[in-house]
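Student: pasting the structure only:
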């Protein structure tokens with residue numbers, strides 16, 4: 001049954017141009033074509049890069065972060081409260097309605113519940129040094145694959161002129177360098193830019209400049225080069241070079257879907273840029289709350305020990321705390 005299903009899925013009439021079979025592009029002693037077995041290469045590569053990541057974060061970016069004043073500080077633990085702990089475990093985005101209900105049950109103010117939940121969330125959040133080392137690794141990884149990709153693809157005709165992808169298709173030789181580059185690209189799982197690192201180091205001007213460059217490059221490449229050059233070639237040029245086969249529609253549908261995602265992501269990037277301009281600076285990532293940004297004394301004073309709120313009536317948050325309390329209550333701290 002497995003073989004039957006495999007033969008049905010890998011039907012050459014679907015995936016290959018007319019009059020070509022899988023046997024025609026089988027590797028031999030003199031030529032190496034891309035094969036299904038190549039998809040296994042990212043598995044050992046992933047373990048190798050996990051080891052490399054450990055050493056890069058521990059022995060390169062962590063010392064850099066410490067030298068720039070970042071500390072691996074953890075927030076002071078809040079007093080255990082079974083009711084609030086249960087609500088936090090069920091959902092870290094506690095609604096304002098739930099906050100109101102919890103305040104009534106505990107005979108606390110809503111502000112006190114907000115503060116407890118916020119401090120409890122900080123206990124599970126990575127500190128600035130940890131976030132800096134994570135971002136440093138991502139910066140190192142993407143810089144490496146970008147440079148190695150240029151080194152590998154620079155002398156390939158199809159890198160400069162996409163039409164060459166369709167000439168003599170599918171008889172394209174797969175070199176060892178290209179297969180290695182494919183393997184490390186296939187195991188990508190995150191995307192970042194240097195602005196985060198500058199944000200953690202409180203180098204606001206560099207953060208703003210880097211983010212502006214990122215936005216410009218994103219728009220030019222994702223909404224300009226991608227549809228105007230790459231997608232145009234796969235949807236228009238290919239029809240004059242390669243005979244029709246069903247995979248043409250499959251792959252182009254996926255590429256068009258990627259363009260739709262680019263548009264959606266661009267909307268959120270521009271929204272973030274607009275919010276940054278309105279605020280006067282680029283905001284940190286969604287985990288930016290840390291113990292370094294919280295006044296321990298004020299937080300402790302805001303939380304009750306064993307003394308309930310007067311008459312069990314919820315008091316409104318002070319003007320200085322309204323923004324933070326409302327954000328937590330509404331689930332704004334993503």
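Tutor: Perfect, I can see it now. Here the structure is a predicted model, which means the values were calculated and not measured. Numbers count the residues shown, from 1 in each chain.
Student: okay, CA-based contacts and neighbour counts for the rest of this
Tutor: OK.
Student: burial measure for residue 273, as a count.
Tutor: Residue 273: 19 surrounding residues under other Cα atoms under 10 Å.
Student: Revised request: answer the last question for residue 252.
Tutor: Count around residue 252 with other Cα under 10 Å applied: 14.
Student: Repeat that for residue 173.
Tutor: So residue 173, with other Cα under 10 Å, has 13 neighbours.
Student: Then residue 232?
Tutor: The number of residues packed near residue 232 is 14, by other Cα under 10 Å.
Student: tell me the SS of it?
Tutor: helix (DSSP: H, G, I helix; E, B strand; the rest coil).
Student: Can you check the pLDDT for it?
Tutor: Model confidence at residue 232, given as pLDDT, is 94.
Student: Low-confidence stretches in the stretch 51-200 of the chain?
Tutor: Applying pLDDT under 70 to the stretch 51-200 of the chain flags the ranges 182-192.
Student: redo that, cut-off 50
Tutor: Low-confidence regions of the stretch 51-200 of the chain, defined by pLDDT under 50, span residues 190-192.
Student: which residues in it form helices?
Tutor: Using DSSP state H, counting those that start in this stretch, the helices assigned to the stretch 51-200 of the chain run over residues 62-67, 82-90, 96-106, 110-123, 128-153, 157-160, 176-186, 195-200.
Student: list the buried ones in the longest helix seen in the chain?
Tutor: The residue-count maximum for a helix in the chain (DSSP state H) belongs to helix 247-279. Within helix 247-279, the residues that count as buried by 16 or more other Cα atoms under 10 Å are 248, 255, 259, 262, 266, 269, 273.
Student: Arrange those in CSV, one row each, with pLDDT as further columns.
Tutor: Putting those into CSV (pLDDT from 0 to 100) gives the following:
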residue, pLDDT
248, 91
255, 95
259, 96
262, 95
266, 95
269, 92
273, 87
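Student: which two in those are spaced the farthest apart?
Tutor: 248 and 273 (37.0 Å; Cα to Cα).
Student: before we move on, the earlier item: out of the buried residues of helix 247-279, who's nearest residue 198?
Tutor: Distances from residue 198 to those, taken by Cα to Cα, are shortest for residue 273, at 16.2 Å.
Student: about what we covered before: quick one, which of the helices of the stretch 51-200 of the chain gets closest to residue 224.
Tutor: Residue 224 lies closest to helix 157-160 among those, at 16.4 Å (Cα to Cα).
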